[in-house]
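[1] Just a sequence and a predicted model for now, questions to come.
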Amino acid sequence: MSLNSIFAPNQNFNMRKSIIISVLLALVTITSVRADEGMWLPMLIERLNQRNLQEMGLQLTPEEIYSVNNSSLKDAIVSMGGFCTGEIISPNGLMLTNHHCGYDAIRENSTVDADYLTNGFWAKSYAEELTNPGLYVSFLVEMQDVTKEMLAALEGVETESERNQIISAKGKELADAATSDSHYEARVKSFYAGNEFYLFVYETFTDVRLVGAPPSSVGKYGGDTDNWMWPRHTGDFSMFRVYSGPDGKPAEFSQDNIPLKPKHFLPISIAGVEPGDFTMTGGFPGSTDRYLTSFGIEQALELKNPTIVEIRDAKLAALREDMKKDDAVRLMYASKYAQIANYWKYFIGQTEQLKANNVKAAKEKIETDFQKWAQSNPDRKAKYGDALKMIQTAYEATDANVIGGTYVVEGGLLGADVNLFAFRMGRQLEGYLAMEEGEEKEATKKDLMAYAEEFFAGANMPTDKKLFAVTHELYSKNVATDQQPNYMKELSGKMNGKWMKYAEKVYAKSIFTDKDRMIEFLKSPSQKAYDKDPMKTISSDLFAIYQTRGSANAEANEMLAKGNRLFIAGLREMNPGKDFYPDANSTMRFSFGNVVDYEPKDGVTYNYFTTLEGVMEKMDPDDDEFQVPSKLVDLYKAKDYGQYADENGDLVVNFISTNDITGGNSGSPVINGNGELIGLAFDGNWEAMSGDINFEKSIQRTISVDIRYVLFMVDKYAGATNLIEEMTLVKTKSNKSVQAAKESENSEIKPMEMN
Ligand code: ARG
């Protein structure tokens with residue numbers, strides 16, 4: 001989701017993505033596919049060195065992973081709501097994802113009396129499954145390389161903005177042509193900063209029901225303390241079911257809908273993981289900055305990251321205070337809090353590890369080599385000689401706007417919920433007020449009423465007022481006056497420490513801060529009342545600053561986009577034998593790795609797995625992040641793990657592997673060499689928090705829930721044996737591996753187009 005689209009009315013806003021979105025792209029070189037770096041496009045797996053993959057332990061052919069004509073692995077993997085990944089694990093559309101991915105759906109279905117977020121939820125039959133309006137899952141039907149068509153359309157185009165217009169127009173044309181005779185949707189996406197283009201065709205299902213979730217004391221065990229860290233002990237999973245119409249096609253929710261008959265579902269191996277085991281992830285990583293330059297790192301370290309952290313600190317403290325006091329408020333804000341906290345800690349970690357891992361120096365080395373190469377002949381010099389200079393100049397030009405720009409989003413339009421509501425509602429109201437009387441106008445009024453109802457059902461005004469006050473306090477103090485919104489400029493000098501008073505006044509008066517006032521107003525909206533509303537002024541002024549900032553940076557952004565595009569093209573030309581994978585952009589990617597421990601620092605080794613033993617060690621009844629349900633304690637004491645125990649009788653909870661994932665991959669299946677599910681990816685490790693900018697080969701790990709812990713919770717803890725029966729369990733390691741390894745020795749080796 002782009003930052004612009006978050007201001008579109010009624011759009012489900014996904015914090016994670018909007019925050020990590022950056023205009024920039026970053027660099028990676030692959031020295032060998034034995035390494036685990038790389039988020040590969042499914043269609044291009046066949047170009048990877050198959051022998052290396054086989055040596056790592058992959059026994060599937062590229063065709064078994066991605067095929068347009070036959071069912072393949074990709075048919076079991078879905079983008080969940082555009083912000084997470086899920087996988088189908090039964091012939092009846094049963095879908096597994098993370099608890100933190102299902103979190104908002106679980107929360108939406110919870111009340112203070114039936115608090116599924118706290119206590120868990122299990123549907124014992126289809127009839128008990130819970131609906132989730134707005135939630136969808138998308139299957140990738142196929143992808144196509146449309147680079148040629150796109151570059152032809154772009155020939156002779158000079159400016160980046162013109163480029164962007166053509167890319168979106170041509171992209172739409174290609175997408176429409178690809179779906180003219182189907183119910184599919186298609187999108188063209190840009191790769192390598194606009195050097196290549198691929199078209200993706202999706203089938204999207206909108207009836208997705210909640211089937212099961214463990215209590216948060218399991219699904220979010222360790223909370224923010226353990227988040228982004230290893231060793232970990234979290235049962236981060238939840239289950240949904242995808243429904244289709246009776247004809248098998250996507251359909252809006254209806255009692256007549258039937259569980260989806262998927263093209264493929266993943267069998268599940270409970271044979272366990274050992275060091276060296278092959279692991280593959282498939283999913284929808286949201287964004288990475290692997291081609292980010294040293295200049296971009298500088299800006300992130302000095303300006304962007306500390307500003308985000310500072311604003312979020314204040315918002316989290318305000319939310320915590322109110323959530324503690326009132327269970328209804330806690331449920332209302334639980335996922336908002338978790339989202340803010342997740343990337344609050346992310347940016348703290350990224351800053352710390354960019355420094356610890358000397359990422360800037362690593363980038364400078366690449367840039368020096370690049371510049372030398374670019375200067376070494378006249379053609380190159382003409383084409384690439386200025387790329388880095390453009391990037392540097394662009395960052396220098398935007399530096400002055402970073403703090404203000406971060407504030408207007410994080411502390412302004414998204415500061416208090418009312419700010420964005422007033423902006424969106426205001427836009428719709430303006431439309432309404434300009435309409436001719438008639439049926440359409442009446443219908444619009446109904447929509448506005450519904451929007452207001454929905455907003456006020458999800459926000460607590462006293463809490464929102466606090467958010468408003470604390471963000472304004474910081475905003476007026478930390479942003480240069482000429483970058484403040486108009487209403488703030490006038491008040492900043494006088495308000496020091498007194499923004500709560502101002503908030504009290506605004507919230508006591510505005511139509512946007514009280515449901516009754518809003519509904520009353522909507523019965524016969526008047527332009528005059530709208531125009532003099534204080535929150536209308538605030539949100540319009542905030543948006544005006546947001547836009548001004550955009551135009552102030554326009555020239556620099558052009559330069560940056562062009563610089564990045566040339567830099568990446570040049571890097572690839574400079575290293576013809578090397579593999580460059582494109583930055584994540586919410587398209588399907590596979591990554592290949594192995595289960596292995598790591599050394600976080602000298603003399604310390606972290607084991608590759610954790611067990612229920614560790615859950616008990618961390619248990620702390622006085623800390624709400626480290627509660628353990630008593631039933632789980634009982635099962636632990638009795639060592640009652642059934643077929644899910646490992647060979648020592650322990651229950652493995654989490655494990656790590658060298659896969660390359662990022663936000664959006666959450667919920668991704670971790671698949672063994674035979675195509676069986678062995679875990680569920682849910683996080684990364686602290687020491688490699690700089691990993692979205694530079695993959696840290698020796699220490700970067702993907703953290704996954706062992707599938708045996710998932711099944712143990714479903715079976716032994718929840719007694720939901722109905723679900724286990726739907727699945728296909730594989731109990732022993734197939735010796736297909738041995739067989740395949742032999743065959744691969746004799747197999748023909750493909751030329752190394754991608755290394
Ligand atoms: N860091 C994880 C991710 O971004 C989310 C983990 C959720 N757990 C938590 N305690 N917030 O995918």
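    Sure thing, it's come through. This one's a predicted model, so the numbers in the text were calculated from it and none came from an experiment. Residues are numbered from 1 along each chain as shown.

[2] residues in contact with Tyr333?
    Leu319, Asp322, Met323, Asn460, Thr463 (CB atoms under 8 Å, 6 or more residues apart in numbering). C-beta here means a position set from N, CA and C on the backbone, and glycine is covered the same way.

[3] Please name the nearest non-neighbouring residue to the fourth one.
    By that I understand Asn460. Setting aside the residues directly before and after it, Asn460 is nearest to Val329 in space (CB to CB, 6 or more residues apart in numbering), at 5.1 Å.

[4] Check the secondary structure at the one you found for me.
    helix (DSSP: H, G, I helix; E, B strand; the rest coil).

[5] from what I can see it touches Glu321, true?
    No - with contacts counted by CB atoms under 8 Å, Val329 stays clear of Glu321, the gap being 9.8 Å.

[6] Among those two, which residue is more densely surrounded?
    Between Val329 and Glu321, counting by other CB atoms under 10 Å, Val329 is the more crowded of the two (18 against 12).

[7] contacting residues around that one?
    Counted by CB under 8 Å, 6+ apart, Val329 has contacts Asp322, Met323, Asn460, Thr463.

[8] Please narrow the contacts of Tyr333 to those residing in helices.
    In this view, those that belong to helices under DSSP state H are Leu319, Asp322, Met323, Thr463.

[9] how close does the second one sit to Ala328?
    Counting by CB to CB, to the nearest Å, the separation of Asp322 from Ala328 is 10 Å.

[10] three-state assignment of the spatially most central residue of the chain?
    Computing the C-alpha centroid of the chain and ranking residues by CA atoms, centre = their mean puts Gly664 first, at 3.2 Å. Assigned by three-state DSSP, the conformation of Gly664 is coil.

[11] these two touch, right, it and Thr288?
    No - at 9.7 Å, Gly664 and Thr288 do not qualify as touching, with contact defined as CB under 8 Å.

[12] anything in contact with each of those two?
    Listed as contacting both Gly664 and Thr288 by CB under 8 Å, 6+ apart are Ala584.

[13] Determine how far the last residue of stretch 247-257 lies from the first.
    End-to-end span of stretch 247-257 (CA to CA, to the nearest Å): 9 Å.

[14] Mind listing what's buried along that stretch?
    Residues of stretch 247-257 classed as buried: Pro250, Ala251, Asn257 (neighbour count, 16 or more other CB atoms under 10 Å).

[15] same question, stretch 443-461
    For stretch 443-461, by 16+ other CB under 10 Å, it's Lys445, Leu448, Tyr451, Ala452, Phe455, Phe456, Ala459, Asn460, Met461.

[16] Now tell me what touches that stretch from outside.
    In contact with stretch 443-461 (CB under 8 Å, 6+ apart) are residues 9-10, 322, 326, 328-329, 332-333, 417-418, 421, 424-425, 428-429, 431-432, 435, 507, 513-515, 518-519, 522, 525.

[17] So which of those residues sit within strands?
    Counting by DSSP state E, no part of the contacts of stretch 443-461 is found in strands.

[18] mean confidence for stretch 560-571?
    Mean pLDDT, computed over stretch 560-571, is 98.

[19] re earlier: for the contacts of Val329, work out which two are farthest apart.
    Met323 and Asn460 (9.6 Å; CB to CB).
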